[in-house]
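Participant: A predicted structure for the sequence below; I have some questions about it.
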Amino acid sequence: MPGTVVVIGGGWAGCAAAVAARQARAETVIVLERTDLLLGCGLAGGIMRNNGRQTAAEELIALGGGALIQVADSVCTHRGVDFPGHRHASLYSTSKIEPAVRNYLAQQGVTLRPRSRVTDVETSEGALDAVVLQDGTRVAGDVFIEATGSAGPMGNCVRFGNGCAMCVLRCASYGPRVSLTERLGLNDYVGMRADGGIGSLSGSCELRKDSLDAALGRELERRGVLVVPLPPGMSHEELLSQKSCRQYALPQYAGNLVLLDTGAMAKLMTPFFPIDELRRVPGFEAVVFGQGCGHANSVRFLSRAPRNAALQVESVRNLFCAGEKAGFFVGHTEAMVTGSLAGHNAVRRLRGLPPLILPQTLACGDILAAEQEGLGTQGCLAKRYTFSGGDYFERMQARSLYVEDPGHVAKRVRHDGLEGLFASGSTPSVTRRS
């Protein structure tokens, strides 16, 4: 089938969009990634399947869009981990995940173009004709998917945070993210914090595991999680209101150090922690940061596109969005859901078919609707949506959408007539019921 889908941004959302577009038989799928590595924040992430993400992961698998879920499963360091407020999590190795995903995309025939920073757009008659790279190269396409994320440039981390933490986004080396929707003259939504600040701080940082006390390191590798009580007077409750990951903004995360084993790194479930204080905790006397630092982290949720339920950007007929660009969503699984739908609908657009809207009988469809509905409510810009906690996980449970058993989830997807939809290579001519 003729047609080129251009994906801007190679994070989890962009990768999922590329896979879905190829599965729907787009002839050419190009991923333009600003840096030299895929996955963006996923390089310092690693948490999957905790709480309602288990349901969403199995829904994606049943829908035929779970290939990247299974890639992440293949490089797990631990499965079935419980930690404060969260159950049955899987932790993937942040050092092994990028090459595994890159290899999978190459096998699917996706054209990867790293070090390709998009800085401008070309349009005509309400459509996007091409994007322009920093070096002036023009990349044309038939349908485009913006998955550029919602963080950066470095100036925003200074303006709305405590400065640049030299995070995995690496703006200093590869240039800042550019919002295509803003280049198109649209007004992006800007998220707020619970304390009234703009944006949100990334919810965790990383410690080098080999800098921990040897006994602590062995215990972390054995169990996958450590909860270490802080000495009196050392808790930082004020950080809870600044985090993007509201599902981890629980009292246990102020009074304890919560560490997760993500391979070479120990994921510390706080945006940052002063290193002079950290080294006063028994077992942390020689600790050093891997990603992040002791006083800052990246600021996110600064650029949510105006979009409809099919993830099409308003007033641009051939532009879709995914990941944090598509909503105030938190997490890798959430990014894969939006990416899969955007990639599938991009090919439906190529074929002249109406877009797919996932039904609210599935958690994957309900979270998209909930985030869209939430924009009209009080305090909407401070709300975050994730399958793993907070208000949305409570909604999942209230609506009986939270299911752990894969068989039960697959049955629900079959009942909606959507089994294997993303993987079938077909694009049904009717929009599924909501």
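Facilitator: Great, that's in hand. Numbering: from 1, shown residues only.

Participant: okay, CA-based contacts and neighbour counts for the rest of this
Facilitator: Fine.

Participant: kindly report the domain assignment for this structure.
Facilitator: Segmentation of the chain into domains, based on automatic domain parsing, reads 4-195+299-415, 200-278.

Participant: got JSON lines for those domains, with distance to residue 421 too?
Facilitator: Written out in JSON lines, the entries for the domains of the chain read as follows (distance: least, Cα to Cα, whole Å):
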{"stretch": "domain 4-195+299-415", "distance to residue 421": "5"}
{"stretch": "domain 200-278", "distance to residue 421": "31"}
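
Participant: residue 291: which of those is closest?
Facilitator: Smallest distance to residue 291 across those (Cα to Cα): 4.9 Å, for domain 200-278.

Participant: end to end, how far does that closest one reach?
Facilitator: With Cα to Cα, to the nearest Å applied, domain 200-278 spans 23 Å between its terminal residues.

Participant: sorry, back to before: rank the domains of the chain by pLDDT, which is bottom?
Facilitator: Mean pLDDT is lowest for domain 200-278 among those, at a mean of 86.

Participant: how far does that domain sit from the chain's center?
Facilitator: 20 Å (Cα atoms, centre = their mean, to the nearest Å).

Participant: kindly reformat the domains of the chain as JSON lines containing mean neighbour count and distance to residue 284.
Facilitator: As requested, those are arranged in JSON lines below (neighbours: other Cα atoms under 10 Å; distance: least, Cα to Cα, whole Å):
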{"stretch": "domain 4-195+299-415", "mean neighbour count": "21", "distance to residue 284": "20"}
{"stretch": "domain 200-278", "mean neighbour count": "20", "distance to residue 284": "6"}
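
Participant: nearest to residue 289, out of these?
Facilitator: domain 200-278 (4.3 Å).

Participant: which parts of the stretch 101-250 of the chain are strands?
Facilitator: 111-113, 118-124, 127-133, 138-140, 143-146, 200-201, 205-208, 225-229 (DSSP state E, counting those that start in this stretch).

Participant: helices or strands next to the shortest one in the packing?
Facilitator: Other elements packing on strand 200-201 under the criterion 3 or more Cα pairs under 8 Å, 6 or more residues apart in numbering; DSSP states H and E are strand 299-300.

Participant: pairing partners for the strand it packs on, with directions?
Facilitator: Take DSSP bridges as the rule and strand 299-300 pairs in its sheet with strand 200-201 (antiparallel).

Participant: could you say which helix or strand holds residue 61?
Facilitator: Using DSSP states H and E, residue 61 sits in helix 53-63.

Participant: next helix or strand past that helix?
Facilitator: On the C-terminal side of helix 53-63, the nearest following helix or strand under DSSP H and E is helix 67-74.
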